[in-house]
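Asks: Sequence and predicted model, in that order:
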Amino acid sequence: MSVVNKVPVMTILVVEDEEAINEMLVMILEQAGFKVFSAMSAEAAQTILGDDVIPNLILLDWMLPDISGIEFARQLKKDALYQEIPIILLTARGEEEDKIKGLEMGADDYVTKPFSPRELIARIKAVIRRSHYFSSEGVLTTQTLSMDIEQHRLMINHQQVELSPMEFKLLQFFMSHPNKVYSRTQLLDQVWGRNIYIEERTVDVHIRRLRKILDKHEQKHLVQTVRGFGYRFSIVD
Ligand code: CA
């Protein structure tokens, strides 16, 4: 099987105003295999998000120069487009009260500075696993589907299914971003990459192929068309 067409990795958005810590976080996360976007303020993070970047997790510093991390988290959790993205708050504060406040605002976890890189990565992986249907390291699962990203293997109802690299990437994106609607443009950016010029109907072609494969295993209903907007991978727990 071809491994040239590498599947997209999990994306993390780092929001931290202290340059040294920001750079260190980017380094740690990249070494752990994540794709990283970094911002020095909530405003800069907003710009990245507005640019159709949909991270799998946001690592958010509490003390930021413009609006606080906690306020930014609150805003994100109110926005339908971003509320599903898990947030880990990063802070120098260790008080129990702050921790509770952070979690009440919608943060998924909390890491206190100074932290060990190993602990940070473990927390990140745990949160991503909880929110993205990872059953174990590198395996995405739903009730009927199981995708081993490393092995580039898909099982439907315990039967191995062959997928082209593109359909695999598309399904991987859907499985790691379930129950949300994505426009064709967003799917092109996220799955094909933003520097490639491809027509939007290419998305439809690959969706059709993917559905055909899923249909053979009576799973066509997972990929839904949202009229006038795009597609959604729908999982009911
Ligand atoms: Ca700070």
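Replies: Yep, it's here.

Asks: Tell me which residue is most central in the protein.
Replies: Centroid check for the chain by C-alpha atoms, centre = their mean gives N56 as the closest residue, at 2.0 Å.

Asks: Enumerate the positions of stretch 178-195 that are buried.
Replies: Neighbour-count burial for stretch 178-195 flags 178, 180-184, 186-192 (criterion: 16 or more other C-beta atoms under 10 Å). (C-beta placed from N, C-alpha, C; glycine too.)

Asks: can you give me the mean pLDDT across that stretch?
Replies: Averaged across stretch 178-195, pLDDT comes to 85.

Asks: what about whichever strand or helix holds L29, distance to the chain center?
Replies: Per DSSP states H and E: L29 is located in helix 19-31. Taking C-alpha atoms, centre = their mean, to the nearest Å, one finds the center of helix 19-31 at 19 Å from the center of the full chain.

Asks: does R130 sit in a helix, a strand or a coil?
Replies: The local conformation at R130, judged by DSSP: H, G, I helix; E, B strand; the rest coil, is helix.

Asks: quick one: pLDDT of it?
Replies: 70.

Asks: Can you get me a residue count around it?
Replies: Neighbourhood size, R130 [other C-beta atoms under 10 Å]: 12.

Asks: how about the strands of the chain, start to end?
Replies: In the chain, the strands defined using DSSP state E lie at 11-15, 35-39, 57-61, 87-91, 109-112, 134-136, 139-141, 145-148, 153-156, 159-161, 181-183, 223-226, 230-233.

Asks: picking up where we left off before, contacts only, for the closest residue to the residue nearest to the centre of the chain other than its chain neighbours.
Replies: Leaving out its chain neighbours, the residue that sits closest to N56 by C-beta to C-beta, 6 or more residues apart in numbering is M10, at 4.4 Å. Residues near M10 by C-beta atoms under 8 Å, 6 or more residues apart in numbering: G33, F34, K35, N56, L57, I128, H132, S176.

Asks: Which among those count as buried?
Replies: Looks like the contacts of M10 have F34, N56, L57, I128, H132, S176 buried, using 16+ other C-beta under 10 Å.

Asks: From those residues, pick the one nearest the ion.
Replies: The closest of the buried ones among the contacts of M10 to the ion turns out to be L57 (C-beta to the ion; 18.4 Å).

Asks: my guess is that closest one contacts L90, does it?
Replies: No - checked against C-beta atoms under 8 Å, the pair L57 and L90 is beyond contact range at 11.8 Å.
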